[in-house]
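In: sequence unknown, structure follows:
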């Protein structure tokens, strides 16, 4: 097969594959265009390229027309899932012994996958800033090119050859543009603010993570602490329910009495199951938050009851507001967005100015008809888009509107943060009161259980009545632990709204014990109010 037939065959094959289903007229037009293109390429490179070179070139150009979407096969998907699990569990220290709250929070900060994503987003933003610095440098361009033509270059009036048919052109040039420099400068400043905004998003994610870990930990610890007692009590409840059904069949008591007892026992069992379900689900949630194996049980420290109100709740609400307005991560992010919008305005106004370009370089050509085939070249040019004068006011208005929007978002966020502080403080106090009520109710139910046990020993009451007293005491204790978890959750929400977190220099380089130590200091300082007072002192110095 000759050179021409090879090319035409490849064009026909690619054409028939790529444009199947098109109209006859469209096929004819496209076929003509491709045939003319092939003829020009073959004629231009007839003496410069081997016979197989052009067919390969055309095949490479037409390959893109044959690409079709392809679904991932199951083997690839399975291999990816296995690899992802290995990545998720890589460099995660195993849990030895009992897991304390401080260690759980430290593990979440260091190993939580969502938090890792935030850290990587911050790293990418830092990389964008580093790259944008290079955009402010002059452009250093090195260029080499080879050109050829099938006919010699002739000049008039006497036909004279003025250039070689084939030649190399090589150049090296340094150029600098005023508008390019200004745009790159503002872009670098914007990337710097985006980096800070990414850091605030990471802080916000860490605040919510700490709050979720506290809630899940206390619920899971409560479930573990009461698990044996719940299991034994449920067995007694089931036995009592069977006894009531048996008494109902034997008609040993009034039907209404049997139904009342049955109703009380079923409601008690329902309450136990409801509270138990909420507490047991927290262990899976906790394992996910700290990136621990879901299928392995965690051994947690027993929950400790709150004896008195934390001192931080006695601080003036105005002080809490002030700390939040200076430290809240969401509010800081909005402030950086305002700076980014202001820089965007300057960049838009810069585009309305004339552009000044300076270039200096060295040139070389292999054309033997050029006497001075090596030379230095410099240029200074100024350009201006006159039509931009028609759009000056529109650009200014749009830029101002963008800035006003960013500022209004910041204002709205500030009001939201203030409301969050008030609501979080109110909820913390309410949950503390709820915890105290639950503790008092549990104490009463426990005393009733003791009295009922003595009465049952003396034969004064039935086993069913004793079981009801025991289950009521257990439900009260479950409610007390549930209220304890709710209180710590509310305290975590208040801490997050104030924008306070453990003082960790570097999460990647800090070891797990170091982070755990900082978490312990943070918890102690938070509940005692020392962290808030220290922040107030720093803010007073700034003001």
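Out: Looks like it came in fine. Please read all numbers here as calculations on a predicted model, not as lab measurements.

In: which parts of the stretch 351-500 of the chain are strands?
Out: With DSSP state E, counting those that start in this stretch, the ranges of strands along the stretch 351-500 of the chain come out as 355-365, 374-383.

In: and the residue nearest to residue 175 when sequence neighbours are not counted, how many neighbours?
Out: Residue nearest to residue 175 in three dimensions, not counting chain neighbours: residue 359, with 3.9 Å by CB to CB, 6 or more residues apart in numbering. For glycine as for every other residue, the C-beta is placed from the backbone atoms N, C-alpha and C. Using other CB atoms under 10 Å, residue 359 has 17 neighbouring residues.

In: report back the residue of this structure that's furthest from centre.
Out: Using CA atoms, centre = their mean, the residue of the chain lying farthest from its centre is residue 158. It sits 72.3 Å away.

In: can you pull the contacts of that residue?
Out: Residues in contact with residue 158 (CB atoms under 8 Å, 6 or more residues apart in numbering): none are found.

In: cool, and the one 3 residues further on?
Out: By CB under 8 Å, 6+ apart, the residues touching residue 161 are 152-154, 369.

In: closest to residue 438 out of the residues you listed?
Out: Closest to residue 438 out of the contacts of residue 161 is residue 153 (96.8 Å), distances taken as CB to CB.

In: got a list of what the nearest residue to residue 406 once chain neighbours are set aside touches?
Out: Using CB to CB, 6+ apart and skipping residues adjacent in sequence, the residue nearest residue 406 is residue 341, 3.9 Å away. Neighbour list for residue 341: 402-403, 405-407 [criterion: CB under 8 Å, 6+ apart].

In: again, but for residue 405
Out: Residue 405 makes contact with residue 341, according to CB under 8 Å, 6+ apart.

In: where does pLDDT dip in the stretch 151-300 of the chain?
Out: The model of the stretch 151-300 of the chain has pLDDT under 70 over residues 252-253, 278-279.

In: what about the strands in it?
Out: Using DSSP E, counting those that start in this stretch, strands in the stretch 151-300 of the chain cover 153-155, 160-163, 166-177.

In: please identify the most buried of these.
Out: strand 166-177 (a mean of 15; mean count of other CB atoms under 10 Å).

In: now find how far off-centre that one is within its chain.
Out: Put simply, strand 166-177 sits 45 Å off its chain's centre (CA atoms, centre = their mean, to the nearest Å).

In: list the contacts of that strand.
Out: 48, 138-149, 355-367, 377.

In: going through those residues, which ones are buried?
Out: 355, 359, 361, 363, 365, 367 (16 or more other CB atoms under 10 Å).

In: ok, the contacts of residue 161 vs residue 116, which is closest?
Out: Set against residue 116, the nearest of the contacts of residue 161 by CB to CB is residue 153 (62.5 Å).

In: next, work out how far apart that closest one and residue 374 are.
Out: Note on residue 153: its distance to residue 374, by CB to CB, to the nearest Å, is 21 Å.

In: now residue 446: closest residue in space that isn't a chain neighbour?
Out: Nearest residue to residue 446 in three dimensions, chain neighbours excluded: residue 473, at 5.3 Å (CB to CB, 6+ apart).

In: so what's that neighbour up against?
Out: 442, 445-446, 448-449.

In: can you redo those as JSON lines with pLDDT, neighbour count and distance to residue 122?
Out: Listed next are these as JSON lines, based on pLDDT from 0 to 100; neighbours: other CB atoms under 10 Å; distance: CB to CB, whole Å:
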{"residue": "442", "pLDDT": "91", "neighbour count": "21", "distance to residue 122": "46"}
{"residue": "445", "pLDDT": "91", "neighbour count": "21", "distance to residue 122": "50"}
{"residue": "446", "pLDDT": "91", "neighbour count": "15", "distance to residue 122": "51"}
{"residue": "448", "pLDDT": "93", "neighbour count": "16", "distance to residue 122": "56"}
{"residue": "449", "pLDDT": "89", "neighbour count": "19", "distance to residue 122": "54"}
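
In: narrow those to those in helices?
Out: The helices, defined by DSSP state H, take in 442, 445-446, 448-449 from those.

In: export these as TSV, with columns for distance to residue 255.
Out: Converted to TSV, the ones in helices among the contacts of residue 473 look like this (distance: CB to CB, whole Å):
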residue	distance to residue 255
442	34
445	29
446	33
448	27
449	28
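
In: let me know the closest of those residues to residue 513.
Out: When the ones in helices among the contacts of residue 473 are compared for distance to residue 513 (CB to CB), residue 442 wins out at 36.3 Å.

In: that closest one and residue 230, how far apart?
Out: Distance of residue 442 to residue 230, computed by CB to CB: 14 Å.

In: quick one: least confident helix or strand in the chain?
Out: Taking mean pLDDT, DSSP states H and E as the measure, the chain has helix 3-18 as its least confident helix or strand, at a mean of 50.

In: ok, which stretches of the protein are helices?
Out: In the chain, the helices defined using DSSP H lie at 3-18, 24-44, 53-62, 74-89, 101-111, 113-134, 178-250, 255-289, 317-327, 329-350, 392-457, 463-498, 512-528, 530-542.

In: can you put the ones you listed in CSV and add distance to residue 164?
Out: Shown next, in CSV, are these (distance: least, CB to CB, whole Å):
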stretch, distance to residue 164
helix 3-18, 26
helix 24-44, 16
helix 53-62, 22
helix 74-89, 53
helix 101-111, 67
helix 113-134, 38
helix 178-250, 36
helix 255-289, 71
helix 317-327, 72
helix 329-350, 45
helix 392-457, 49
helix 463-498, 74
helix 512-528, 71
helix 530-542, 73
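
In: nearest to residue 300, out of these?
Out: When the helices of the chain are compared by CB to CB, helix 178-250 sits nearest residue 300, at 4.2 Å.
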